[in-house]
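>>> This is a predicted model, with the sequence first.
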Amino acid sequence: MNFYQYDYQQDMYFIEIRNRFELIQWLYTDNDHFIENFADKINKDVLKKLFVNSKNLKKYLNQTKRKMNRLNGVHLECAQHIQQFVEVFAKEYDFTNIKNINSDCEDTKFTNILHADVDFRNSYTKYLRRKDIEYWRNKAFADYGLALSAMLDFINYLGVKADSELAEEKRNDLLRYFQSAQKRLQLGKRMMSASDDSYLDCMIVLPENNDAVINKFKLMQCEYNSIVEELFFVQKEYFAQFQDGEFPLDAESKLFEHQSNQYIGKMNEVGFEMSLFILNLMNVEVPDFYILSPLTYENHFEHLYA
């Protein structure tokens, strides 16, 4: 963050708060991803884990909000943006809320998350250092949000002959946003190789004898970026196949859905591990949480064989 290294104690408080919130976001996202896409894998054991996650997440979120009273100034200001963003996930992805359990609210949930994401990216970027991989990743996700918005419009126009020109325009828009997002991710990785800004959290938490820690965190950052790049590539290539307002073959659509779900699940897992890694470095107690996406991983080629 561009406000680091002026007040060590505030930096430490903020690093804990931010990683707590990010851990919460990853867990809510993973729970929802599993429930929405892998309902057939929900057995008694998985259901128990989902309810344990739900119970502990609510407690952990309240604890984290109470801990924010230690922050002040720009540290508090930035943390409040993160809090507002994460609370949207907590509201929309709470499967125990009966209001969230019907098909009509799925589109509303997606739209609310998308709008919150756009608002957050716009407000959060100003706190990041330009040589931090997260700065460029944040920019990439801002482009991804625009791509998803264009995708919704494209799908609405698709199949209506009178709207064919509008559909093609939106398809070109989303392809352009995906291409921009990919370039930003690649730039972020180059920046990480040229500067220490991408692992300042580690350097502040563990200022000495931290080479092994930094190398491990760097590998996690690279893995996460690679997964996001693959997700963007798969989605861009799928929409590039649409010709003359017609959907690709059913087999291609199923493969696209399968691959997207695998990458999103892996994003949830690695994102969670990065936040947990920092919290463990700080000796912050973390409740029992379960990332469920690893239960869904399959060899991508199995889908082709089937």
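The structure has been received and is ready for your questions.

>>> Span of stretch 90-109 from start to end?
Taking Cα to Cα, to the nearest Å, the first and last residues of stretch 90-109 lie 11 Å apart.

>>> Now do the contacts for the closest residue in space to residue 205 that isn't next to it in sequence.
Closest residue to residue 205 apart from its sequence neighbours, by Cβ to Cβ, 6 or more residues apart in numbering: residue 281 at 4.9 Å. All C-beta atoms are positioned from the backbone trio N, CA, C, and that covers glycine. Residue 281 sits next to 202, 205-206, 213 when contact means Cβ atoms under 8 Å, 6 or more residues apart in numbering.

>>> Quick one: the helices in the protein, in order.
8-37, 44-67, 73-92, 104-124, 133-157, 164-194, 200-205, 211-240, 250-281, 300-305 (DSSP state H).

>>> Outside of the fifth one itself, list whatever touches it.
Residues from elsewhere that reach helix 133-157, judged by Cβ under 8 Å, 6+ apart: 114, 117-118, 121-122, 124-125, 128-129, 163-164, 166-167, 170-171, 173-174, 177-178, 180-182, 184-185, 187-189, 191-192, 198, 221, 225, 228, 232, 235, 239.

>>> hang on, the earlier thing: and of the helices of the chain, who's closest to residue 288?
For the helices of the chain, the distance to residue 288 is smallest for helix 44-67, at 6.3 Å, taking Cβ to Cβ.

>>> still on that earlier bit, could you export the helices of the chain as TSV, including mean pLDDT?
Shown next, in TSV, are the helices of the chain (pLDDT from 0 to 100):
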stretch	mean pLDDT
helix 8-37	96
helix 44-67	96
helix 73-92	96
helix 104-124	86
helix 133-157	92
helix 164-194	91
helix 200-205	94
helix 211-240	93
helix 250-281	92
helix 300-305	43
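
>>> Of those, give the one that comes closest to residue 294.
That would be, of the helices of the chain and by Cβ to Cβ, helix 250-281, which comes in at 6.2 Å.

>>> which of the residues in the closest one are buried?
For helix 250-281, burial by neighbour count (16 or more other Cβ atoms under 10 Å) applies to 255-256, 258-272, 274-279, 281.

>>> tell me the contacts of the closest residue to residue 196 other than its chain neighbours?
Distances taken as Cβ to Cβ, 6+ apart put residue 203 closest to residue 196, at 6.7 Å, once the chain neighbours are dropped. Each residue near residue 203 by Cβ under 8 Å, 6+ apart is listed here: 196, 210, 214.

>>> List phi and psi for the first one.
As for residue 196, its main-chain torsions (degrees, to the nearest 10) stand at phi -90, psi 0.

>>> now swap in the second one and tell me
Backbone geometry at residue 210, expressed as degrees, to the nearest 10, gives phi -110, psi 10.

>>> Give me the number of neighbouring residues for the residue nearest to residue 242 when sequence neighbours are not counted.
Of all residues not flanking residue 242 in the chain, residue 171 sits nearest, at 5.9 Å (Cβ to Cβ, 6+ apart). The number of residues packed near residue 171 is 22, by other Cβ atoms under 10 Å.

>>> Could you do residue 134 as well?
20.

>>> same question, residue 169
14.

>>> Same check on residue 20?
Neighbours of residue 20 under the rule other Cβ under 10 Å: 25.

>>> Isn't it up against residue 60?
Yes - when contacts are counted by Cβ atoms under 8 Å, residue 20 is listed as touching residue 60 (7.0 Å).

>>> before we move on, back to that, just the buried members of the contacts of helix 133-157?
114, 117-118, 121, 124, 128-129, 163, 167, 170-171, 173-174, 177-178, 180-182, 184-185, 187-189, 191-192, 198, 221, 225, 228, 232, 235, 239.

>>> For residue 186, give its distance to residue 232.
11 Å (Cβ to Cβ, to the nearest Å).

>>> swap in residue 281?
Taking Cβ to Cβ, one finds residue 281 at 30 Å from residue 232.

>>> could I get the helices of the chain as CSV with distance to residue 287?
Shown next, in CSV, are those (distance: least, Cβ to Cβ, whole Å):
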stretch, distance to residue 287
helix 8-37, 10
helix 44-67, 4
helix 73-92, 15
helix 104-124, 24
helix 133-157, 26
helix 164-194, 31
helix 200-205, 20
helix 211-240, 22
helix 250-281, 11
helix 300-305, 33
